[in-house]
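1. Attaching a predicted model along with its sequence, questions to come.
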Amino acid sequence: MGLGASAGGPDAFQKFFSRMPSEINRVRGLQDEARHKDQFLATLSHELRGPLASLQICFEVLQSQGTDVKRGKDALAIATRQLEHLSALVNELLDASRIASGLTSLQRSDQDLVEVVRTSAEDQRSLLNAAGVRLDLSLPSTPLWVHCDPRRVGQIVVNLLGNAVKFTDRRGLVTVSLRRDDATQTAVLSVLDDGLGIEPEMLPRLFEPFGHTETGDPRTRGGLGLGLALVRGLVTAHGGTVEARSEGRGRGAEFIVRLPLLDRAPELEAPTAVPTEPGARPHRILVVEDDWDFAESLRSILEVAGHDIEVAADGDRALTMAMTFRPDIVVCDIGLPGKLDGNAVAAAIRRDPTYGAPHLIALSGYGQPSDRARALAAGFDHHVTKGVADVPSRPS
C-alpha cells in the first residue's frame, strides 16, 4: 500500500496543505498576542517601580534626623503625587478587568453631553498646558441629551485627551468637538490632534488591550497602554461606537465617538433642598481590620477629625467590642482572619437588636459588583473599595 493510499489519497494532502495558511496565521496571531502581553507586563513593572522608588526615597527623607520643615513638606507632596499615580494605575487595571469580564457597572441618568464633555475637558486643560499643548473646544450652544453614566463618559474624554497629549509635540493643538448627527440620531464626539499620527497597519488593533502603538517614540512608555481599550469598552457599554482615523505618521489622529441621543429632552425636576448641619458631631467608630498599618492609619485620620475610635483585628473581637463600645459606625473589612468574615459580622449585628443599630460600612479590596451585592445583602449600609473612594460618613 502506497503512502498516498495509507494517508487517504491526494485529497487528504490537498486538504492538509489548504489549511496551512490559516494555521500559520493563527500561530502568528498567538505569538503576537504573547509578545504584546510580555510588553504590557514590562510596562506595568516600569510604571510601578518609579512611584515605589520615589516613595521609598521620600520616607527616608522624612525619617532622616537632618530633614528641615521645607524639605519634609516637599517630600510629603511628592509622596502624595506618587500615591495618586499608583491609585490611578490600580483603578485602570480594575476597570480593564471589569470590562474584559463584562462586569462594567453604569450609573445612568439623562445628561446634557455638552456639559459633561465641557467639564471633563476643562478639568484636563492644566495637564495640556503643562505639556505645552493647546486645547480648543468646539461645542454646540444647545444641549445634546443622552442617557449615560456621566463619570464614565468623563473617563472616555479624559483617556482620549491623555492619548492625544502623549503623542502631540509641544506647541501642538488638540481640538475637542461635539455635534449632532440627525441621520443616525447620535451625538458625535471628536478628539483631533496634529501629533505623531498612526501607521495604517496599527488602526485595526489600536483598541486591543495589548495593542500598544509600536512607534519607537519614548512617549509610548508612559502609561499602561490600556486607555483606548477602556474607551472602547465604555463606549460599547453605552451602546455607542468608537473609531480612529489617521493619514499616517506625522499627520495627526482623530478619535470619533458616537453615542445615541434621547428622542426628546428630559423633564427636569427641581433639585430637592438638602438640610445641612452647622458642623458634624463626633462619632464612636469601630474599625475592624486585620492589616495593622491600614487600621492605625485609618484610626489616626479619624481621630484627627474628632471621632472616638476603637480597633478590632478579627470578627469575634469585633462583635465583643460592638457590645461594649456601642459604636455609632462600624467600618469593617470583608476578608478577616478566623471564623467570621466581614459579611458574617454585619449579619450578626443586624440579627441581634442588643447591638443597637450602628451604621455599617464595608471597606474592602474586593470591589466587583458581586462583592458589593453580597455586602449589602449581609446588612452593610455602604460598600467602599479601598483606595477608590472616600469612606461615606453617617448623617449627623
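-> Received it, and whenever you're ready, just let me know what you need. Residues are numbered from 1 along each chain as shown.

2. Could you check how far stretch 68-75 is from the centre of its chain?
-> Between the centre of stretch 68-75 and the centre of its host chain there is 31 Å, according to CA atoms, centre = their mean, to the nearest Å.

3. Tell me the buried residues in it?
-> Residues A75 are the ones in stretch 68-75 that count as buried (16 or more other CB atoms under 10 Å). Bear in mind the C-beta positions are built from the backbone N, C-alpha and C, glycine included.

4. contacts for that stretch?
-> When contacts are defined by CB atoms under 8 Å, 6 or more residues apart in numbering, stretch 68-75 is touched by residues C58, V61, L62, T67.

5. Show the buried residues in these.
-> C58, V61.

6. nearest to H382, of the contacts of stretch 68-75?
-> Each of the contacts of stretch 68-75 was checked against H382 using CB to CB; the closest is C58, at 32.0 Å.

7. which SS class is that closest one?
-> Reducing the assignment at C58 to three states with DSSP: H, G, I helix; E, B strand; the rest coil gives helix.

8. so how far is E254 from it?
-> When CB to CB, to the nearest Å is the yardstick, C58 and E254 sit 40 Å from each other.

9. ok so, going back, can you tell me which of the contacts of stretch 68-75 are in helices?
-> Secondary structure assignment by DSSP state H places C58, V61, L62 of the contacts of stretch 68-75 in helices.

10. Pull up the pairing partners for the helix or strand encompassing L360, direction included.
-> Assigned by DSSP states H and E, L360 falls within strand 359-364. Using DSSP bridges, the neighbouring strands of strand 359-364 in the sheet come out as strand 329-332 (parallel), strand 382-385 (parallel).

11. give me every residue that touches the residue nearest to T186 when sequence neighbours are not counted.
-> When the adjacent residues along the chain are set aside, T186 lies closest to R258, with 4.3 Å between them (CB to CB, 6 or more residues apart in numbering). Counting by CB under 8 Å, 6+ apart, R258 makes contact with D181, T184, T186, A187, V188, L189, G240, T241, V242.

12. does the second one sit in a helix, a strand or a coil?
-> In other words, T184. Classification of T184 using three-state DSSP returns coil.

13. residues contacting it?
-> Contacts were defined as CB under 8 Å, 6+ apart; by that measure T184 touches R258.

14. for it, phi and psi?
-> Recorded main-chain torsions at T184 are phi -110, psi 0, according to degrees, to the nearest 10.

15. repeat for the first one
-> With angles defined as degrees, to the nearest 10, D181 shows backbone torsions of phi -110, psi 100.

16. Pretty sure it sits against V188.
-> Yes. D181 lies in contact with V188 (CB atoms under 8 Å); the separation is 5.1 Å.
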